[in-house]
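Q: Take this sequence and fold it.
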Amino acid sequence: MSAESVEALARTERLVLRKVRAHDLPVLGRMWQDPVMRRYLGGPVSDEVAAERRAGDPTGGLMVTRSSGEIVGWCHLGRYRTGDLELSYIFLPEWWGRGYAREGCTAAIGLAFDRFPDASRLVAVTQEANRRSVCLLEALGMVRVDTFEEFGARQVMYAIDRQRAASGAGADRRHLDAEASRDGEK
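A: Below is the predicted model of the structure:
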């Protein structure tokens, strides 16, 4: 059994969501500073901010392909300033267009409501101009609940409540292995 299997917080047909490890920091650094990935996230962060993040607690789950262990993206479950549970994510461009974002975020949504039993809904915010992200959130079964200006751009907030998430709204449940998500083993 691989270390990936033991450390899995959630598992799908192709991905494992696991805690961030020290050797993941170079990939996270790329996610923080790559202009393509940061196009709709306010641009690359400064070297100083990246260093602070490396020294801090980069909690969340990295998605890795089960076959190779390569990192394809990162999801974070935290609290938005409204107190709502929030899903944030970023995926490496070389993996775009293969369904990994939808598969990983679907698993993260399930994990969110399992890990945060007090949460009645989960939100995600993206720039309205980020059509790929808007389409992803809608495909996940999330609904638009707010629009606002921030960081010099129009932002949209999407949400999904616990009941809708549990019903599998927007999720292709064939890709999820609920038993593996619970016990971390296949």
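
Q: Could you say which helix or strand holds the residue nearest the centre of the chain?
A: Nearest to the geometric centre of the chain sits Cys75, at 2.5 Å (C-alpha atoms, centre = their mean). For Cys75, the host element (DSSP states H and E) is strand 71-79.

Q: Give me the helices and strands touching the helix or strand following that strand, please.
A: Of the helices and strands lying after strand 71-79 in sequence (DSSP H and E), the nearest is strand 85-91. Packing partners of strand 85-91 (3 or more C-beta pairs under 8 Å, 6 or more residues apart in numbering; DSSP states H and E): strand 71-79, helix 100-115, strand 121-127. C-beta here means a position set from N, CA and C on the backbone, and glycine is covered the same way.

Q: Output these as TSV; include the columns mean pLDDT.
A: Putting the helices and strands packed on strand 85-91 into TSV (pLDDT from 0 to 100) gives the following:
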stretch	mean pLDDT
strand 71-79	90
helix 100-115	93
strand 121-127	96
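
Q: Next, format these as JSON lines and append distance to Gly141.
A: Below are these laid out as JSON lines (distance: least, C-beta to C-beta, whole Å):
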{"stretch": "strand 71-79", "distance to Gly141": "16"}
{"stretch": "helix 100-115", "distance to Gly141": "8"}
{"stretch": "strand 121-127", "distance to Gly141": "11"}
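
Q: looking at the ones you listed, which is closest to Arg11?
A: helix 100-115 (7.3 Å; C-beta to C-beta).

Q: and the angle for the closest one with strand 71-79?
A: Angle of helix 100-115 versus strand 71-79, following axes from the mean of the first three to the mean of the last three C-alpha atoms, to 10 degrees, is 40 degrees.

Q: And helix 100-115, how far out from the chain middle?
A: 7 Å (C-alpha atoms, centre = their mean, to the nearest Å).

Q: Kindly report the same for stretch 106-122.
A: 12 Å.

Q: What's the end-to-end length of it?
A: 12 Å (C-alpha to C-alpha, to the nearest Å).

Q: So which bits of that stretch are buried?
A: Using 16 or more other C-beta atoms under 10 Å as the test for burial, stretch 106-122 gives Thr106, Ala107, Ala108, Ile109, Gly110, Leu111, Ala112, Phe113, Ala119, Arg121, Leu122.

Q: Show the residue spans covered by the strands in this structure.
A: For the chain, applying DSSP state E gives strands covering 8-11, 15-19, 61-65, 71-79, 85-91, 121-127, 143-150, 153-161.

Q: was I right about Arg102 contacting Leu140?
A: Yes - here Arg102 lies in contact with Leu140, judged by C-beta atoms under 8 Å, at a distance of 6.8 Å.

Q: Many thanks, have a good one.
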